[in-house]
Every structure is written in C-alpha cells, then in structure tokens.
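S.K.: A structural model of the following input is requested.
(4 chains)
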2 protein chains.
Amino acid sequence: MEPIAHSAADALFRALGDPTRRTLFERLARSELTVRALTEGAGISQPAVSKHLAVLKGAGLVLDRPQGRETHYRANPRGLAPLLDWMRLHEAMWADSFDRLEDLLRRMDQ
Amino acid sequence: MEPIAHSAADALFRALGDPTRRTLFERLARSELTVRALTEGAGISQPAVSKHLAVLKGAGLVLDRPQGRETHYRANPRGLAPLLDWMRLHEAMWADSFDRLEDLLRRMDQ
DNA sequence: CCAATCCATAACCATGTGGTTATTCAAATC
DNA sequence: GATTTGAATAACCACATGGTTATGGATTGG
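M.R.: This next block holds a predicted model:
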C-alpha cells in the first residue's frame, strides 16, 4: 500500500539506511545467492532475511530468480541509478569528485 | 538487535530517507535559512523542523550558525562525501559486473 | 508416497520515528 | 522593565519498523 507517492530516491535511501539490509545488498553485489545462503551468517532468522529482501526488491536494488523451491537473489546493476540521479542535482556541492561516478552512470545506462 | 558499527553512511542514508528531511536539505543547499523561514512552507510545526535539523546536523549534512535569537542553517558542502565514498567503494563492483557482462558478450560474438 | 527442505506469509511484540502541544530560555522590541 | 519573538527541549501519542515464532505451499529426495 502506497498512499503517498514516494520518489525512487526515497525507497533507495530508506532501504540502504538499515545496516543489515545494506550488508545483504553488498553481499548480493558480489555474487548471486539463495535466501538460505544469505540467512547463514546474517545473524537473523530466515523470515527476517526474506522481509529485507522484499524491501530491497521494492527499491529496485535486487532482482530475484525463482528456481524450483529456492529463490536466487542478485544485485540489480542499475538499482543505484536513481541515487546517482539525485546526487547529480547537488553536483555543485562536490563537482570535483563527481566525474568518475558520472562516467559510471553513463556506462550503466547503455 | 544492536547495530554496533554505525557508519557515517548509515546516518546519511537514514537522514535522507525521510522526504520531509530531504526537502529541508535541498532548500538549505540553495541558500542559508533560519528555522523560522524553513518552518514556513514546510507544512509542519517549528519543533518538528528543529528535530529534523538536529538529525541533519548529526549526519553532517547541515551546519548551523546561531546569531542572536535566531539560528541560520546551511548545507554542509562536504556532507555528502561519505555517501560518495560508499558509492565509490562499490564502483569497482559494478564495473566488474559490467566488465564480466561485456566479456561474456564478446565471447559470444566469436 | 512420505519426509525433508526452501521460502514466503501471518501473527505478534518491542522499539524507533515523526508528529503534536506545552514550556522554557535568550534575545529583540516597545 | 515588560512584552514579544525565535528556537530548542520536554512530554506525549500514533504508527512504522525490525525482529521473533508459527504456519503453509511448493519442490525435491528417499
């Protein structure tokens, strides 16, 4: 249920604001993993992991690939694009540091 | 549920995750404003604005300049640096994924 | 076919968060 | 000096959030 129209950046910031969730995302950025594999070492229960994954998926940060009874998750390479878009709005505040990321964004948009 | 390692990126993501707070930050990125000026047009009470400003200040996103009975706030030009650092940390990761994909496509072409 | 496994969902609980109004203190203004 | 004004703090409240255990549906394996 979404009574208010949140921007894409909203969902991204909120999703990444939780350290546990950000850790899950970082693990998925390295390799595709099942929920089972993610649960091991996460320090929380499997349902908690599933809920975090649902949030990450809702923010467009991860993609899921159901295969039989297990679900494989991986990072969405373009998931961070809206975050880069938002940061570009404030480019003036740190323009000198922005060039490399801007270049990356261009490559991701291909 | 005791997140021990609270990184700077944590505070940034959490602070920017709230749309009201991000709007305040964006206004301050344009010009320095008093709490009074920020409250007008924010749609919330003055104490609510003050609390948001305290969060933004805690995240290093804004700086305050008390002057007499009013306090002027402005965006901290270096406030977004940790966020940029976090993205740079993952830049290599994205690039790797991207390179692997390019590599795969190249091999398929032959 | 039956049992075990993987994952999502439901139901619940404690704490955090964002808002309010009331209050206080310092500083302008009269 | 008295009053008004700006901003932070306190006290409180409703709801969101992140965790748990319990459950169920689908799939795999013996």
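S.K.: show me the helices in chain A, by range?
M.R.: Counting by DSSP state H, one finds helices in chain A at the ranges A:8-17, A:19-30, A:35-39, A:46-58, A:81-89, A:99-108.
S.K.: enumerate the residues of chain A near DNA strand D.
M.R.: With CB under 7 Å from any atom of the strand as the criterion, chain A meets DNA strand D at residues A:14, A:17-18, A:20-21, A:44-45, A:47-48, A:51-52, A:55, A:67-69. C-beta here means a position set from N, CA and C on the backbone, and glycine is covered the same way.
S.K.: can I have the buried ones of these as a PyMOL selection?
M.R.: Only the buried entries of the residues of chain A next to DNA strand D go into this PyMOL selection, using 16 or more other CB atoms under 10 Å in any protein chain shown:
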select buried, chain A and resi 14+17+18+21+52+55
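S.K.: looking at the residues of chain A next to DNA strand D, which is nearest B:Asp85?
M.R.: Distance to B:Asp85 across the residues of chain A next to DNA strand D (CB to CB) is lowest for A:Gly17, with 16.3 Å.
S.K.: centre-most residue in chain A?
M.R.: Residue closest to the average C-alpha location in chain A (CA atoms, centre = their mean): A:Leu61, at 2.7 Å.
S.K.: next, that one: phi, psi?
M.R.: Torsion angles at A:Leu61 (phi, psi; degrees, to the nearest 10) stand at phi -90, psi -30.
S.K.: just the pLDDT at it, thanks.
M.R.: On the pLDDT scale, A:Leu61 is placed at 96.
S.K.: how far away is it from A:Arg14?
M.R.: 11 Å (CB to CB, to the nearest Å).
S.K.: burial measure for the nearest residue to A:Asn76 once chain neighbours are set aside, as a count.
M.R.: In space, and not counting its chain neighbours, A:Asn76 is closest to A:Leu63: 5.0 Å by CB to CB, 6 or more residues apart in numbering or on different chains. Around A:Leu63 there are 17 other residues, counting by other CB atoms under 10 Å in any protein chain shown.
S.K.: looking at it, A:Leu63 is touching A:His72, isn't it?
M.R.: No - with contact defined as CB atoms under 8 Å, A:Leu63 does not count as touching A:His72 (9.1 Å).
S.K.: what sits against the residue nearest to A:Leu56 when sequence neighbours are not counted?
M.R.: Excluding the flanking residues, the one nearest A:Leu56 by CB to CB, 6+ apart is A:Val62, at 4.5 Å. Residues counted as contacts of A:Val62 (CB atoms under 8 Å, 6 or more residues apart in numbering or on different chains) are A:25, A:28, A:53, A:56, A:73-76, A:79.
S.K.: could you do A:Leu63 as well?
M.R.: By CB under 8 Å, 6+ apart, the contact set of A:Leu63 is A:57, A:73-76.
S.K.: can I get those in JSON lines including distance to DNA strand C?
M.R.: Shown next, in JSON lines, are the contacts of A:Leu63 (distance: CB to the nearest atom of the strand, whole Å):
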{"residue": "A:Lys57", "distance to DNA strand C": "8"}
{"residue": "A:Tyr73", "distance to DNA strand C": "8"}
{"residue": "A:Arg74", "distance to DNA strand C": "12"}
{"residue": "A:Ala75", "distance to DNA strand C": "15"}
{"residue": "A:Asn76", "distance to DNA strand C": "15"}
